[in-house]
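Enquirer: Here you go, sequence then predicted model.
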Amino acid sequence: MSEAPVTPAPRVHTLSDSKRIMITNVNGLLGHELFEQMRNDHILIHQQSEQEPHRFLGTLNPSSNGGMVTPSPSDTIKLLDAKSKPKTFAKQVRNADYIVLDISQLGCDLEEAEAVLKALKCEDGSAEKDQVLIVISSPMVWS
Amino acid sequence: MPLPKYQALKQLELQALNLYKFNTRVRTNIICSGFLFGNGEQNDIFYEFFRCAWVSLHPQLAALPVVAGGNNHLPTIHVKDLANAVERTITQGDQYADYMIAVDSSTE
């Protein structure tokens, strides 16, 4: 029995176009790992490429872990706040290419998640480009 | 029907899955991930278990707790595996189902 050849999946950091990637709860365990996997700024600098690196947007989970809020993985991530600047937040969500909405973390802001979905609805039909929304959910919704 | 604490999450999942009715240019995939671990155990899920196993030299105190018959396996996933799954879904998600469960194969 012969197995079909496995084609490696394209990696985000190797994409030739510069993408806008939004990660909610970017200071969490998954946010740190996603940023490290998908960033390409260090690779492009090393290769001395003129290609634009991916731009990262993120939101912070303010719930403290042992009395200390985990910091953002990098200063290059543009931090957004859905409560203090809702219009800017909605605009940035609509401009993002890839959105990772993490609602599995303890203490995540569900109002912020609703704001992301509301911004993506675009009920006036003003969607400008193709977008990908990945929602990370918890197995406890099956409890 | 999930527990009351998680009903809001279920509603958000449903809203995300219905997003295509309002915006056809958005592709939505939901990944239901197991409990996260890895990268130095930054989260608290397994902290107590590791502490029991590592710190205590007393055989009974070092024993890990077993709930009921011990047949209830919790779904888990390493954070790197989940990040790989997310990245693969971003690039190739149109070939996958709208709702996926990401867990590792550790059942023993």
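Expert: Sure thing, it's come through. Residues are numbered from 1 along each chain as shown, chains lettered A, B, ... in the order given.

Enquirer: rest of the way, CA atoms for contacts and neighbours
Expert: OK.

Enquirer: For the most centrally placed residue in chain A, grab phi and psi.
Expert: Most central residue of chain A, judged by C-alpha distance to the mean C-alpha position with Cα atoms, centre = their mean, is A:Ile23 at 2.1 Å. The phi/psi pair for A:Ile23 (degrees, to the nearest 10) reads phi -130, psi 120.

Enquirer: how much space between it and A:Phe35?
Expert: Taking Cα to Cα, to the nearest Å as the measure, A:Ile23 and A:Phe35 are separated by 8 Å.

Enquirer: Spit out the contact partners of the residue nearest to the centre of chain A.
Expert: A:Gly31, A:Phe56, A:Leu57, A:Gly58, A:Thr59, A:Ile99, A:Val100, A:Leu101, A:Asp102 (Cα atoms under 8 Å, 6 or more residues apart in numbering or on different chains).

Enquirer: what's the span of stretch A:122-138 from first residue to last?
Expert: 27 Å.

Enquirer: Buried residues, it. List them.
Expert: A:Cys122, A:Ala127, A:Gln131, A:Val132, A:Leu133, A:Ile134, A:Val135, A:Ile136, A:Ser137, A:Ser138 (16 or more other Cα atoms under 10 Å in any protein chain shown).

Enquirer: wait, which of those is closest to B:Gly34?
Expert: B:Gly34 has its nearest neighbour among those in A:Ser138, at 6.9 Å by Cα to Cα.

Enquirer: Centre of the chain to the lowest-mean-pLDDT helix or strand in chain A, how far?
Expert: Lowest by mean pLDDT, DSSP states H and E among the helices and strands of chain A is helix A:41-47, with a mean of 79. Here helix A:41-47 is found 21 Å from its chain centre; the criterion is Cα atoms, centre = their mean, to the nearest Å.

Enquirer: what residues does it touch?
Expert: Contacting residues not belonging to helix A:41-47 are listed as A:Glu50, A:Gln51, A:Pro53, A:His54 [Cα under 8 Å, 6+ apart].

Enquirer: From those residues, pick the one nearest B:Gln95.
Expert: After measuring the contacts of helix A:41-47 against B:Gln95 - Cα to Cα - the closest member comes out as A:His54, at 23.9 Å.

Enquirer: Is that closest one in contact with A:Arg39, as I believe?
Expert: Yes: using Cα atoms under 8 Å, A:His54 is in contact with A:Arg39, at 6.5 Å.

Enquirer: overlap in contacts of those two?
Expert: A:His13.

Enquirer: Tell me which other helices or strands the helix ranked longest in chain A touches.
Expert: In chain A, assigned by DSSP state H, the helix with the most residues is helix A:110-121. Secondary-structure packing of helix A:110-121 (3 or more Cα pairs under 8 Å, 6 or more residues apart in numbering or on different chains; DSSP states H and E): helix A:86-95, helix B:4-17.

Enquirer: Give me the mean pLDDT for the helix or strand following the last one.
Expert: For helix B:4-17, the following helix or strand on the C-terminal side (DSSP states H and E) is strand B:26-33. Taken as a whole, strand B:26-33 has a mean pLDDT of 94.

Enquirer: So strand B:26-33, near chain A or not?
Expert: Yes: applying Cα under 8 Å from any Cα of the partner chain, one finds strand B:26-33 touching chain A at B:Val26, B:Arg27, B:Thr28, B:Asn29, B:Ile30, B:Ile31, B:Cys32, B:Ser33.

Enquirer: quick one on the thing from earlier: and which of the contacts of A:Ile23 is nearest to B:His73?
Expert: Closest to B:His73, out of all of the contacts of A:Ile23 and judged by Cα to Cα, is A:Asp102, at 23.5 Å.
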